[in-house]
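Q: Turn this into a structure:
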Amino acid sequence: MNQIFTTPFEWIAVWLRKLSLSGNSGNCIAVILYIIICCLPAIAFLLLCLRKKKIRADYLLLVCSAALFIGIYLMINPGLMTPYFRYSIPMINLAISTTLWSIFICYIILRVLAIIRYANEINLAKIAQVFIILVMIISIINICFIKLPKLWASANQTGPDLYSRIISSEDGAVMLDNGSMRSFQPDRIPLLLCDLVPSLLFIWVLIASFRLCRSLKDNHFTDQTIQDAGALSHLCVRVLCITAVLEVVRNILQLLMLPSLSDTTFTVSLPIIEILLTVTAFILAKKFETAHTLEEENEAFI
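A: Predicted coordinates for the structure are as follows:
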């Protein structure tokens, strides 16, 4: 997991370090490449200035270049960091890489928000579709490579057996010898489903949102748009209800299976943001329906 956040900064630092230690010519090439790589955001800033497309958020590109100079240099020379940090070099590289990524992501967010601010309705729908696809891809990756392996590991984890054996030791003391369950435990399948189903339902909501954006891109007040908006709002309600019920079921199942579980997580969620988004979806659906009715009345009047 750490490699995801340290990529590609740690790779660049390791490669430049090896190139630098290969000899004098390699050292010169490493310095030149180091300067070029770190100056890439600043070069992008200059190009935006020349094309007169610069906005205030683009000044953050200069910060990105400065951060790259410092961060990659510290990764190339890890000996400079050890006297000042108590953590290992991989942890320091992770901290530096995470900071660099946060700067780049901050710039991307500010840039995208600026584009959204001045985009027309059709472009807004296109931007929304792109983000929905990105979120869907991230959600699928999270389910396939993070959530499912984690849930499978929890189902096969070593835990105390329900039937503990009582063994008498030589000094007469009573000891509990807990067996371990290393094979897959079918009784944990409901717990796995309670963890997995909300993620699958979220993808279903994303698909419905994508359909609505596609309808909005074509025409605001068609019957298909009204149908998609209503379907999305009602789907959000159903997903929230199912998610809330599954959380209660999961807590109850964990309570009942507590003697056989070595790792438990009891949660109490208050989905305020999700409820607000659902209310917004209903408002938009009503607005679309009202606008569609007014458009039909105007066409009939003409």
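Q: Okay, now the unreliable bits of the stretch 201-302 of the chain?
A: 219-221, 262, 301-302 (pLDDT under 70).
Q: now the strands for it?
A: Taking DSSP state E, counting those that start in this stretch as the criterion, the stretch 201-302 of the chain contains no strands.
Q: can you check the stretch 51-200 of the chain too?
A: Taking DSSP E, counting those that start in this stretch as the criterion, the stretch 51-200 of the chain contains strands spanning 165-168, 174-177.
Q: pLDDT averaged over the first one, what's the number?
A: For strand 165-168, mean pLDDT is 37.
Q: Which stretches in this protein count as helices?
A: Counting by DSSP state H, the chain has these helices, from start to end: 2-6, 9-20, 24-50, 60-76, 89-118, 121-142, 148-155, 189-218, 223-256, 272-301.
Q: With residue 263 as the reference, name the closest of those.
A: Comparing the helices of the chain against residue 263 with C-beta to C-beta, the closest turns out to be helix 148-155 (6.5 Å). C-beta here means a position set from N, CA and C on the backbone, and glycine is covered the same way.
Q: Any chance of the backbone angles for residue 268?
A: phi -130, psi 110 (degrees, to the nearest 10).
Q: How many residues are close by it?
A: Residues within reach of residue 268, counting by other C-beta atoms under 10 Å, total 7.
Q: List the contacts of it.
A: Residues in contact with residue 268 (C-beta atoms under 8 Å, 6 or more residues apart in numbering) are residue 247.
Q: Over to the one 4 residues further on?
A: Taking C-beta under 8 Å, 6+ apart as the criterion, residue 272 is in contact with no other residue.
Q: Kindly provide the distance from it to residue 278.
A: As for residue 272, its distance to residue 278 is 11 Å (criterion: C-beta to C-beta, to the nearest Å).
Q: show me where pLDDT drops low in the stretch 51-200 of the chain?
A: Going by pLDDT under 70, which is the cut-off in play, the stretch 51-200 of the chain has low-confidence ranges at 82-86, 154-187.
Q: Kindly recompute the last result at 50.
A: For the stretch 51-200 of the chain, the stretches flagged by pLDDT under 50 are 158-182.
Q: hang on, the earlier thing: quick one: which of the helices of the chain is nearest residue 266?
A: Comparing these against residue 266 with C-beta to C-beta, the closest turns out to be helix 223-256 (5.3 Å).
Q: Does anything pack onto that closest one? Which helices or strands?
A: With contacts taken as 3 or more C-beta pairs under 8 Å, 6 or more residues apart in numbering; DSSP states H and E, helix 223-256 sits against helix 189-218, helix 272-301.
Q: Redo these as TSV? Include distance to residue 114.
A: Formatted as TSV, the helices and strands packed on helix 223-256 follow (distance: least, C-beta to C-beta, whole Å):
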stretch	distance to residue 114
helix 189-218	20
helix 272-301	23
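Q: Most tightly packed of these?
A: Most buried of the helices and strands packed on helix 223-256, by mean neighbour count (mean count of other C-beta atoms under 10 Å): helix 189-218, with a mean of 17.
Q: now the angle between helix 223-256 and that helix, please.
A: Here helix 189-218 runs at 160 degrees with respect to helix 223-256, directions being taken by axes from the mean of the first three to the mean of the last three C-alpha atoms, to 10 degrees.
Q: now the angle between helix 148-155 and helix 189-218, please.
A: For the pair helix 189-218 and helix 148-155, the angle between their directions (the same axes, to 10 degrees) equals 160 degrees.
Q: about what we covered before: to residue 264, which of the helices of the chain lies closest?
A: Once the helices of the chain are compared by C-beta to C-beta, helix 223-256 is nearest, at 4.9 Å.
Q: In the closest one, which residues are buried?
A: Judged by neighbour count using 16 or more other C-beta atoms under 10 Å, the buried positions of helix 223-256 are 225-226, 228-230, 232-233, 235-236, 239-240, 243, 246-247, 250-251, 253-254.
Q: So what angle separates the directions of that helix and helix 272-301?
A: Taking the same axes, to 10 degrees, one finds that helix 223-256 is oriented at 160 degrees with respect to helix 272-301.
Q: Residue 134 - how many residues pack around it?
A: 10.
Q: And the protein, what are its domain boundaries?
A: According to automatic domain parsing, the chain is divided into the following domains: 1-118, 121-158+184-302.
Q: For stretch 278-295, output the C-alpha coordinates as PDB.
A: Backbone C-alpha positions of stretch 278-295 (Å, rounded to 0.1, in the frame of the first residue of the first chain) are rendered in PDB as follows:
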ATOM      1  CA  THR A 278     -30.500  12.600  -1.400                       C
ATOM      2  CA  VAL A 279     -32.600  15.700  -0.600                       C
ATOM      3  CA  THR A 280     -30.700  17.500  -3.400                       C
ATOM      4  CA  ALA A 281     -31.500  14.700  -5.800                       C
ATOM      5  CA  PHE A 282     -35.200  14.900  -5.000                       C
ATOM      6  CA  ILE A 283     -35.200  18.700  -5.400                       C
ATOM      7  CA  LEU A 284     -33.500  18.400  -8.800                       C
ATOM      8  CA  ALA A 285     -36.000  15.800  -9.900                       C
ATOM      9  CA  LYS A 286     -38.900  18.000  -8.800                       C
ATOM     10  CA  LYS A 287     -37.400  21.000 -10.600                       C
ATOM     11  CA  PHE A 288     -36.800  19.000 -13.800                       C
ATOM     12  CA  GLU A 289     -40.400  17.800 -13.700                       C
ATOM     13  CA  THR A 290     -41.800  21.300 -13.100                       C
ATOM     14  CA  ALA A 291     -39.600  22.700 -15.900                       C
ATOM     15  CA  HIS A 292     -40.700  20.000 -18.300                       C
ATOM     16  CA  THR A 293     -44.400  20.700 -17.500                       C
ATOM     17  CA  LEU A 294     -43.800  24.400 -18.100                       C
ATOM     18  CA  GLU A 295     -42.100  23.700 -21.400                       C
END
